[in-house]
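K.L.:
coords below, sequence missing:
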Ligand code: NOJ
């Protein structure tokens, strides 16, 4: 077995929300032929891998996160032949393809659930979580689903409730049933056999539920608000210790392929030690685990340094962290972190890409694309649409702007895209490609520095400076200095002498020398070779 870092540990991944990335057949919805068309762009950008948001057949109650056939391709997105061609064409460009796997729940239209509904003695009844009502007929316990409603829906025919941690159209699977393990091991082998490089695992922390269905308790001081559902600690309807068994088994399957396949978990875990546990302490588990404390941190020096340092110190030996700032659920960093200030966007890109380990960019991050205000009448996400106090997730799922003009090159002029655009006159690929000082060209430069091993390495990270505005760290022969504030700063860093600028939020500074006394304008950031 090789002992150095493996490719995924330092990789730049790129998440494609397929419906929104590129429309190959001109119907206003992105699709797999569109992704194939866009591969040359990704190759130019330099990313190592793509993660495709759900591609499997689905009634789309949750846009693919309600799977009705785990071994198929959603007809609106393309065919199996398209997916095979995508894997092949991406491979020719040295881009690995990860699919989204949804093992926590199926669609209520999945044949397993349809059979389960036929009665308590149905073959697949045990694939799902059923429970009798309380004596007064109310749901079995206090668990709530992602919308805040009871997580149980009554099946009137049998008088039993079934569990859904998301929508009623997404019944939770029962991982206490060994047959569910066998099904998913078969599913992952099916896709690995087709050359898929791995999976992003949806709700990776959620698979097992407390066997005796205990009530979720009240919150405690210090609980991260995002770790609660319906105001309760979600310790019994998810985050059960048994889930680790699943990933130990899957890791063995993934490692049995040549090249080994990669498992990237959507792990909503806020304790750094528990997050690290998903990577395996005694035995290997997931290869990578998303870091939501980082995603949800403010773009401020002290909180970010704290979450990064605590994450690194809690990782198992030899494991790598993964950093991301946007996705199709939490929104886009350009809006969430940067309030659409292009200076802050550049600083955030430097920060993200200079950290040790893997990075996942969300499509449009490279342009500094912000969230789009989608009017209620055009909102498509049932989970968040029109819910008071909650931003609709459609704001960060709008189509990729490729070029100026009608429909921004996403789909043909005159066709209505499945979600509307914002104003992207400058945040589009063609415009930014031609501008050496654009976010896109900065991002591409950062990807190249990561690829050549100059930044993003896994060597020990040493803090050089931290105050309310500035964070600086040394890593593998580089020093990153970030002014995460809207004010200019001047700092004297402990450097041996002037250092060559590898990267700077102002493109014209690259190649020059800076330090040890450093002046940075508002939201300026640099990486120096030291
Ligand atoms: C996490 C996915 O990212 C989200 O979009 C989805 O609604 C839930 N899991 C349920 O599958």
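P.N.:
Everything's here; your move. What you see is a predicted model; the values in this text were computed from it and never measured.

K.L.:
What is the end-to-end distance of stretch 15-26?
P.N.:
Terminal residues of stretch 15-26 lie 22 Å apart, using CA to CA, to the nearest Å.

K.L.:
got it, and stretch 13-28?
P.N.:
OK, stretch 13-28 end separation, CA to CA: 26 Å.

K.L.:
and that stretch, how far out from the chain's middle?
P.N.:
16 Å (CA atoms, centre = their mean, to the nearest Å).

K.L.:
Ok, stretch 480-493 next?
P.N.:
On CA atoms, centre = their mean, the centre of stretch 480-493 falls 29 Å from that of its chain.

K.L.:
buried stuff in that stretch?
P.N.:
Neighbour counts over stretch 480-493 (16 or more other CB atoms under 10 Å) mark 480-485, 489, 491, 493 as buried. All C-beta atoms are positioned from the backbone trio N, CA, C, and that covers glycine.

K.L.:
again, but for stretch 219-235
P.N.:
Of the residues in stretch 219-235, those buried (16+ other CB under 10 Å) are 227, 229-230, 232, 234.

K.L.:
do the same with stretch 106-122
P.N.:
Those would be 106-110, 112-113, 116-117, 122, for stretch 106-122 by 16+ other CB under 10 Å.

K.L.:
Cross-check the residues you listed against the ligand and keep the overlap.
P.N.:
Residues of these in contact with the ligand (CB under 6 Å from any ligand atom): none.

K.L.:
Tell me the one of the buried residues of stretch 219-235 nearest residue 9?
P.N.:
residue 227 (26.4 Å; CB to CB).

K.L.:
Distance-wise, check the closest one relative to residue 296.
P.N.:
10 Å (CB to CB, to the nearest Å).

K.L.:
and residue 135, how many neighbours?
P.N.:
Counted with other CB atoms under 10 Å, the neighbours of residue 135 add up to 6.

K.L.:
Dead centre of the protein: give me the residue that sits there.
P.N.:
residue 327 (5.3 Å; CA atoms, centre = their mean).

K.L.:
Phi, psi for it please.
P.N.:
Note on residue 327: backbone dihedrals following degrees, to the nearest 10 are phi -160, psi -170.

K.L.:
For the residue of the stretch 251-400 of the chain found nearest the ligand, give me the pLDDT.
P.N.:
Closest contact between the stretch 251-400 of the chain and the ligand, by CB to the nearest ligand atom, is at residue 329 (4.7 Å). Model confidence at residue 329, given as pLDDT, is 98.

K.L.:
did I read that right, it in a helix?
P.N.:
No - the assignment for residue 329 by DSSP: H, G, I helix; E, B strand; the rest coil gives coil, which leaves it out of any helix.

K.L.:
since we're on it, how many residues are nearby?
P.N.:
17.

K.L.:
Make sure it is actually in contact with residue 393.
P.N.:
Yes - when contacts are counted by CB atoms under 8 Å, residue 329 is listed as touching residue 393 (5.9 Å).

K.L.:
picking up where we left off before, show me the buried residues of stretch 219-235 that map onto strands.
P.N.:
Cross-referencing those against strands under DSSP state E gives 229, 232.

K.L.:
From the buried residues of stretch 219-235, pick the one nearest residue 499.
P.N.:
Taking those together and measuring to residue 499 by CB to CB, the closest member is residue 227, at 40.6 Å.

K.L.:
nearest residue to that closest one other than its sequence neighbours?
P.N.:
Counting by CB to CB, 6 or more residues apart in numbering, residue 270 is the residue found nearest to residue 227 once chain neighbours are left out, at 4.9 Å.

K.L.:
Which pLDDT value goes with that neighbour?
P.N.:
pLDDT, residue 270: 96.

K.L.:
what secondary structure does it sit in?
P.N.:
coil.

K.L.:
What of residue 100?
P.N.:
Secondary structure, three-state DSSP: residue 100 is strand.

K.L.:
Output the set of residues of the stretch 151-300 of the chain in proximity to the ligand.
P.N.:
Checking the stretch 151-300 of the chain against the ligand by CB under 6 Å from any ligand atom, the hits are 166, 202-203, 266.

K.L.:
switch the cut-off to 8 Å
P.N.:
Residues of the stretch 151-300 of the chain lying near the ligand by CB under 8 Å from any ligand atom: 165-166, 170, 202-203, 266.

K.L.:
just to revisit the earlier point, could you work out the most separated pair of the buried residues of stretch 106-122?
P.N.:
107 and 122 (16.9 Å).

K.L.:
gap between the two ends of stretch 330-344?
P.N.:
Start to finish, the residues bounding stretch 330-344 are 18 Å apart (CA to CA).

K.L.:
Can you mark which positions in that stretch are buried?
P.N.:
330-338, 340-344.

K.L.:
And for stretch 435-455?
P.N.:
In stretch 435-455, counting by 16+ other CB under 10 Å, buried: 438-447, 449-451, 454-455.

K.L.:
Closest one of these to the ligand?
P.N.:
Nearest to the ligand among these: residue 443, at 23.0 Å, using CB to the nearest ligand atom.

K.L.:
which residues touch the closest one?
P.N.:
45, 349, 353, 361, 365-366 (CB atoms under 8 Å, 6 or more residues apart in numbering).

K.L.:
any idea which element it lies in?
P.N.:
Using DSSP states H and E, the element containing residue 443 is helix 439-451.

K.L.:
Including distance to residue 514 and pLDDT, could the buried residues of stretch 219-235 go into TSV?
P.N.:
Shown next, in TSV, are the buried residues of stretch 219-235 (distance: CB to CB, whole Å; pLDDT from 0 to 100):
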residue	distance to residue 514	pLDDT
227	41	90
229	47	92
230	51	90
232	50	95
234	47	96
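
K.L.:
In CSV, list the buried residues of stretch 219-235 along with distance to residue 277.
P.N.:
Shown next, in CSV, are the buried residues of stretch 219-235 (distance: CB to CB, whole Å):
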residue, distance to residue 277
227, 15
229, 21
230, 25
232, 22
234, 17
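
K.L.:
Determine which two of the buried residues of stretch 219-235 are furthest apart.
P.N.:
227 and 230 (12.1 Å).

K.L.:
quick revisit: nearest to residue 218, out of the buried residues of stretch 219-235: which one, please.
P.N.:
Using CB to CB, those come closest to residue 218 at residue 232, 6.7 Å.

K.L.:
residues touching the closest one, list them.
P.N.:
142-144, 215-219.

K.L.:
Weed out the non-buried ones from these.
P.N.:
Judged by 16+ other CB under 10 Å, buried ones among the contacts of residue 232: 142-144, 216.

K.L.:
contacting residues around the strand or helix carrying residue 343?
P.N.:
Element membership of residue 343 [criterion: DSSP H and E] is helix 342-354. Residues outside helix 342-354 that contact it (CB under 8 Å, 6+ apart): 12, 299, 304, 323-325, 333-334, 337-338, 359, 361, 365-366, 368, 439, 442-443, 446-447, 449-450, 455-456, 475, 478, 480, 482-484, 486, 503, 505, 521-527.

K.L.:
Count the neighbours of residue 432 for me.
P.N.:
22.

K.L.:
To what extent is residue 65 buried, counted in neighbours?
P.N.:
24.

K.L.:
any idea which helix or strand carries the single nearest residue of the stretch 401-530 of the chain relative to the ligand?
P.N.:
The ligand sits closest to residue 419 of the stretch 401-530 of the chain, with a gap of 14.5 Å, by CB to the nearest ligand atom. Counting by DSSP H and E, no helix or strand carries residue 419.
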